[in-house]
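Novice: Got a predicted model here, sequence first, then my questions.
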Amino acid sequence: MRKKLLTTLLFLLAASLFQGTAHAAAAVVTDTGTTSWMLTSTALVLLMVPGLAMFYGGLVRTKNVLGTMMHSFGAMVIIGVLWPMVGYSISFGSGILGGFAGWDNKYFMLQGIDETIMPAHIPEYVFAMFQGKFAIITPALIAGAFAERVNFKGYAVFIALWCVFVYSPICHWVWASDGFLFNLGAAGAIDFAGGTVVHISSGITALVAALYLGKRRAYPNNVMSPNNLVMTLIGAGLLWVGWFGFNAGSAIASDLATARALTVTQVAAASGAFTWMMIEMFHHGKATSLGVASGILAGLVAITPAAGVVQPSGALALGALAAVCCYSAILLKSKLGYDDSLDAFGVHGVGGIVGALALVFFIRPAWMADAAAKTVSKSWTIWQQLGVQATAVGVTIAYAAVASLILLFLVEKTIGLRISANDEMSGLDHSMHGEHGYGLINLN
Amino acid sequence: MKLITAIIQPDRLDHVREALIQADITRITVSRVTGHGRQEDIELYRGQKIAPNLIPKIRIDIAVNNEFVDITVDTIIKAASHNVGEIGDGKIFITPLEECIRIRTRERGGKAI
């Protein structure tokens, strides 16, 4: 959807150049309804970042609560600066380096879009800011894998490099109108709101980081109980609310497609949480609040790539499937013994892969018919689409894994990413920030 | 029997706890407390150095039989010290303990510790 809009935009710009004096682009006017919804969506997606900070912050030990929340807020700050400078241009500029990434000088500091109204009838500023929020939350998701044991300085440099060298190129391949995954197969790889770009890329990076940086001290021998599940639940709730902007905003419209995306997002989140709750009831006899929060996330992650193409029954199935797969992945993690502290891979990586692949079985018939009409042979099967999806997933996994490993290695060897045993025992709040999270609970 | 009460800085809690377990002192009670000695606070609040009257501290209570007093105290001193010579590492108080009762078995005295 967004690619079509960009293509049209580029076409209009080209047309205006040819016509010389005529200002063809000026013919596109702002639609207040669409713009209002997109502005709202942009704010909703940003709300997910403090939501994530609370979700992750509640799960760590007391001495690391601020350090962990600062990983999310740090992304808001660092990517917030980086995105208008270079991120938007690398992601949505026209392809350079053989389509590896994008670049347009006019997008540097967003200087060339001051008066641009996109064919979707929204100012391009709105689109650029909406996309910027996705770039912010994605590196923040990774932080769950190496919670409680990284240097803040190293983390800051890592996410900045990761945004430029991992997120932006993948975003370009999947969402830019000339991206190769956008144009794969009959109607492109389906990634409505970020299954590959956001969740698989961050989930795989999380796994690589957890393996590369090693376990926390004393993991898994010592119990590391969450310091504040109340905060975690509030965070999960904020993520659910924010996800309506994330998915329903990704239609870049305020119409039927928006309503469809919003509906399936709601259904999948509830289905994921319900399934997780039932699994726990049968497995342990008790439904935990953390289980419900995890199920909400699993369902939301799985529906993210699919929100434009599946119907509510498909959303129900995807949410349930994601809960089963993520639950199994977390059990498997305990058996394998790697320390993905807050299950960034277990939920975002696994849920993203499940959603991006399994969505083909639930695509609405009208979409398949449209896709078939675009081919020469006038036929397109779900198995062919599955091949396209698998390619997009495979490319994302391979690239994110290799590029992230290189970045992790560089940062670890120069600035240092893993903190010393002494700092880890003292906790991130004291050693990295010189503060403590709950000091005001005591009289001071 | 003695009751050893240590007031330490929060960032040394895990150091002390691990060192005590290494030394086979495995029964402790930990509480969050506030107070102040001569320590000046080094906290940053919105970029300003502030000096509140009361500072968060950790209080550790350990009841031990007499022969374990020295090892317990030495272990706490070693693990709780920042070794930078600055004030604020904390204090240890030792008080005589009159009786100890394990609720489950009603045992009394040294064997209940």
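Specialist: Noted; the coordinates are in hand.
Novice: Can you get me a residue count around the closest residue to A:I200 other than its chain neighbours?
Specialist: Using CB to CB, 6 or more residues apart in numbering or on different chains and skipping residues adjacent in sequence, the residue nearest A:I200 is A:G352, 4.1 Å away. In short, each C-beta sits where N, CA and C put it, glycine included. Neighbour count for A:G352, taken as other CB atoms under 10 Å in any protein chain shown: 31.
Novice: what helix or strand is A:G352 on?
Specialist: Assigned by DSSP states H and E, A:G352 belongs to helix A:350-358.
Novice: Now do whichever helix or strand comes after that helix: which elements does it pack against?
Specialist: Using DSSP H and E, the next helix or strand after helix A:350-358 towards the C-terminus is helix A:365-374. Judged by 3 or more CB pairs under 8 Å, 6 or more residues apart in numbering or on different chains; DSSP states H and E, the packing partners of helix A:365-374 are helix A:382-414.
Novice: low-scoring pLDDT stretches of the chain, where are they?
Specialist: Looking at chain A here, since you left the chain open. A:1-27, A:439-444 (pLDDT under 70).
Novice: sorry, should have said chain B
Specialist: B:38-45, B:48-53.
Novice: 90 instead?
Specialist: For chain B, the stretches with pLDDT under 90 are B:10-11, B:26, B:32-57, B:82-89, B:110, B:112-113.
Novice: Residue in it with the shortest distance to chain A?
Specialist: Nearest residue of chain B to chain A, counting by CB to the nearest CB: B:D11, 3.8 Å away.
Novice: At which residues are the helices of chain B located?
Specialist: B:13-22, B:69-80 (DSSP state H).
Novice: right, and these - which one's nearest A:T68?
Specialist: Evaluated over those, closeness to A:T68 peaks at helix B:13-22, with 16.5 Å, by CB to CB.
Novice: which ones are touching the nearest residue to A:F274 once chain neighbours are set aside?
Specialist: Using CB to CB, 6+ apart and skipping residues adjacent in sequence, the residue nearest A:F274 is A:G295, 7.1 Å away. Contact partners of A:G295, counting by CB atoms under 8 Å, 6 or more residues apart in numbering or on different chains, are A:272-277, A:323.
Novice: In strands, which of those residues fall?
Specialist: The members of the contacts of A:G295 all map outside strands under DSSP state E.
Novice: one step back: these two touch, right, the residue nearest to A:I200 and A:T205?
Specialist: No - if you go by CB atoms under 8 Å, A:G352 and A:T205 don't touch, sitting 11.7 Å apart.
Novice: List the buried residues of the helix or strand containing A:L161.
Specialist: Using DSSP H and E, A:L161 sits within helix A:152-162. Buried residues in helix A:152-162, counted by 16 or more other CB atoms under 10 Å in any protein chain shown: A:152, A:154-162.
Novice: which helices and strands does that helix pack with?
Specialist: Using 3+ CB pairs under 8 Å, 6+ apart, helix A:152-162 is in contact with helix A:65-82, helix A:124-142, helix A:382-414.
Novice: And the ones you listed: which comes nearest chain B?
Specialist: helix A:65-82 (11.7 Å).
Novice: Could you check the angle that closest one makes with helix A:152-162?
Specialist: Per axes from the mean of the first three to the mean of the last three CA atoms, to 10 degrees, the angle that helix A:65-82 makes with helix A:152-162 is 40 degrees.
Novice: Please enumerate residues in contact with helix A:65-82?
Specialist: Contacts of helix A:65-82 (CB under 8 Å, 6+ apart): A:46, A:49-50, A:52-54, A:56-60, A:87, A:132, A:135-137, A:139-140, A:143, A:147-148, A:152, A:155-156, A:159-160, A:163-164, A:227-228, A:427-429, A:432-433, A:435-438.
Novice: The nearest residue to A:T391 once chain neighbours are set aside: what's it in contact with?
Specialist: Closest residue to A:T391 apart from its sequence neighbours, by CB to CB, 6+ apart: A:L184 at 6.2 Å. With contact set as CB under 8 Å, 6+ apart, A:L184 has these partners: A:388, A:391-392.
Novice: Torsion angles phi and psi at A:L184?
Specialist: Dihedral pair for A:L184: phi -80, psi 140, per degrees, to the nearest 10.
Novice: and the gap between the residue in the stretch 201-350 of chain A that chain B sits nearest to and B:I71?
Specialist: For the stretch 201-350 of chain A and chain B, the shortest gap (CB to the nearest CB) falls at A:A218, measuring 8.0 Å. As judged by CB to CB, to the nearest Å, A:A218 and B:I71 stand 22 Å apart.
Novice: Look up the closest residue to A:E148, ignoring the ones flanking it.
Specialist: A:E148's closest residue in space is A:N64 (CB to CB, 6+ apart), at 4.6 Å.
Novice: Next up, the contacts around the one you found.
Specialist: A:147-148, A:427-429.
Novice: And the strands in chain A, which stretches?
Specialist: Using DSSP E, strands in chain A cover A:94-96, A:101-103.
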